[in-house]
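Engineer: My questions are about this predicted structure, shown below with the sequence.
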Amino acid sequence: MSTLTFATINEADVSAARKRYPQAFGNPLVRALKIGSWVFIAVYLAWSLHVFEIGKLLNASDRAWQLVSRMVVWQDMATWQYANIYRGIAQTIAMAFLGTLLGTIFALMWAFFAARNTMPVGIIRHAVRRLLDIFRGIDAVVWGLVFVRAVGLGPLAGVLAIWISDMGNLAKLYSEAIENIDRKQVEGVRATGADTGRIIRYGYLPQILPVFISLSLYSFESSTRSATILGLVGAGGIGMIIIERFRAGLFDQVAFVVLNVLVVIAIIDWGSGLIRKRFIGERGH
């Protein structure tokens, strides 16, 4: 048995080894693509820093500190119109709840038309999915602008915007949950001679109800934040109070309102956790 040394290896031996073990020598094209990708990322990052003018952050640092100081130092708190503030918060919660409730109800209906195992007709299923893509592909703020233009200023526009946006998101998630159920339970209910309504009631809903509750509660939490943003575009709620105080330069009141909104969201999150625990139970790691 003979062994090769570096001194005895020639070009023919290297070419033969490349043909026999191509992966051991690497692919020059793949190596070039990797290097090119990293170069592109570095160039794009440098271009992004130049276009977005990161240096403005340093120039605006003094104004930023002044803004923060005006938010921290609260003055004339007796004149802050607390009734209007908490009325706006209550209106925001109502907008989020009603919009999420409508979105959940309609999403449940659309989900069965979008799921593969409950809608065998491909044309209808794909048409429903594309419609849901439109609903969730457009941000709630854009829907808010549309409905403010259509129905005027006020919480009705916010409710409609949350309804349409949540319906698209929830229907997509609901349909995926329906497609992942255990079909043995459904077949067992169908074997008893039950009609479509009873099959859905006793075959599908017991399996997907915990998922529906969890997703709907999370959507309610998210919609509360969205309702605050929608108020900035004229859809009512606490957002309108925030933008009014901000335009008037009352930054201490803006900070107070924002802190109250954070407390409300924390309370909603805590309550949602209790409801999840009640219907879903504790889940181990």
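Structural biologist: Done, it's in.
Engineer: Report pLDDT for His285.
Structural biologist: Looking at His285, its pLDDT reads 38.
Engineer: Over to Ala32?
Structural biologist: With respect to pLDDT, Ala32 has a value of 83.
Engineer: now swap in Leu4 and tell me
Structural biologist: What the model reports as pLDDT for Leu4 is 52.
Engineer: quick one, domains of the chain?
Structural biologist: In the domain annotation for the chain, the residue ranges read 11-51, 79-279 (automatic domain parsing).
Engineer: any idea of the mean pLDDT in the last one?
Structural biologist: Confidence over domain 79-279 (mean pLDDT, whole number) is 84.
Engineer: which strands and helices sit next to the one helix or strand Gln66 maps to?
Structural biologist: Take DSSP states H and E as the rule and Gln66 turns out to sit in helix 61-72. Under the contact definition 3 or more CB pairs under 8 Å, 6 or more residues apart in numbering; DSSP states H and E, helix 61-72 sits against helix 251-279. Every C-beta, even on glycine, is put in place using the N, C-alpha and C of the backbone.
Engineer: The helix holding Gln66 - what's its average pLDDT?
Structural biologist: For helix 61-72, mean pLDDT is 72.
Engineer: give me the element Val186 is part of.
Structural biologist: helix 183-191.
Engineer: after that helix comes which helix or strand?
Structural biologist: Next along the chain after helix 183-191, taking DSSP H and E as the criterion, comes helix 196-199.
Engineer: Could you tell me which residues within that next one count as buried?
Structural biologist: Along helix 196-199, these residues count as buried under the neighbour rule (16 or more other CB atoms under 10 Å): Ile199.
Engineer: Tell me what angle the helix or strand following that helix forms with helix 183-191.
Structural biologist: Scanning the chain past helix 196-199 towards its C-terminal end, the next helix or strand to appear is helix 205-232 (assignment: DSSP H and E). On the basis of axes from the mean of the first three to the mean of the last three CA atoms, to 10 degrees, helix 205-232 is oriented at 110 degrees to helix 183-191.
Engineer: Does the following helix or strand past helix 205-232 pack against any helices or strands, and if so which?
Structural biologist: Moving toward the C-terminus from helix 205-232, the next helix or strand (DSSP H and E) is helix 238-247. When contacts are defined as 3+ CB pairs under 8 Å, 6+ apart, helix 238-247 sits against helix 82-114, helix 205-232, helix 251-279.
Engineer: Please tabulate those in CSV, including the columns mean neighbour count and distance to Gln66.
Structural biologist: What follows is the helices and strands packed on helix 238-247, written out as CSV (neighbours: other CB atoms under 10 Å; distance: least, CB to CB, whole Å):
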stretch, mean neighbour count, distance to Gln66
helix 82-114, 20, 24
helix 205-232, 20, 23
helix 251-279, 15, 9
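Engineer: residue contacts, Gly88?
Structural biologist: With CB atoms under 8 Å, 6 or more residues apart in numbering as the criterion, the residues that contact Gly88 are 231, 237-238, 240-241, 257.
Engineer: what's the answer for Val211, then?
Structural biologist: Val211 makes contact with 173-174, 177 under the criterion CB under 8 Å, 6+ apart.
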